[in-house]
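Trainee: give me the fold of what follows.
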Amino acid sequence: MQPLSLLSHDDLSVLRASAGRGDGAVQAHEIGRHSLIYGRDGVSTMIYRGRVSCDEMRKILSTEDLSNVPDVVLLICDMRAFEGMDGETRRLGATNPKPAKRYFTAYLGAGFSLRVFVNMWNRATNFIHGEKYVAAFFDDEASARAWLLAQREAFEREEKR
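Mentor: Numbers count the residues shown, from 1 in each chain. Prediction:
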């Protein structure tokens, strides 16, 4: 199967239909032009296409089951076609509850300014809340996924100590 970030809306519709059959396939949500895929391996992929509106951010956040959040959240953010969001939309995303112990995010296609923003945001947030957010930047989905799975494994080993 090709990387999730390269799937078309039609491909995602097939994934969503197969998830409804209970055959272990992923769960996919289409939010405007954007796609959110919850993978079987525990890695979620958020594909941004264009600007993110406040309404789209509300819909993205509504897909989360906050009563069933794992200790470790693994997320690939495909930013290759991302065109930004306004301050109100960023605030909405930032103030959403974050109950996991650790959030690992792998960014695909992030430009310089987004990398700077993410690094500054994570440093400030980790200063306030403790080491909770970890981000890295990648050129391909396979490397991003491998890093995320290795981070989860390392976190789980550390938790057992």
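Trainee: pairing partners for the top strand by length along the chain, with directions?
Mentor: Secondary structure assigned by DSSP state E gives strand 72-85 as the longest strand of the chain. If you go by DSSP bridges, strand 72-85 pairs up with strand 43-52 (parallel), strand 102-108 (parallel).
Trainee: got JSON lines for the ones you listed, with mean neighbour count, mean pLDDT and distance to Ala81 too?
Mentor: Backbone N, C-alpha and C define where each C-beta goes, glycine included. Listed next are the strands paired with strand 72-85 as JSON lines, based on neighbours: other CB atoms under 10 Å; pLDDT from 0 to 100; distance: least, CB to CB, whole Å:
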{"stretch": "strand 43-52", "mean neighbour count": "20", "mean pLDDT": "96", "distance to Ala81": "5"}
{"stretch": "strand 102-108", "mean neighbour count": "21", "mean pLDDT": "96", "distance to Ala81": "10"}
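Trainee: distance to Gly84 for the ones you listed - can I get that in TSV?
Mentor: As requested, the strands paired with strand 72-85 are exported to TSV (distance: least, CB to CB, whole Å):
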stretch	distance to Gly84
strand 43-52	6
strand 102-108	14
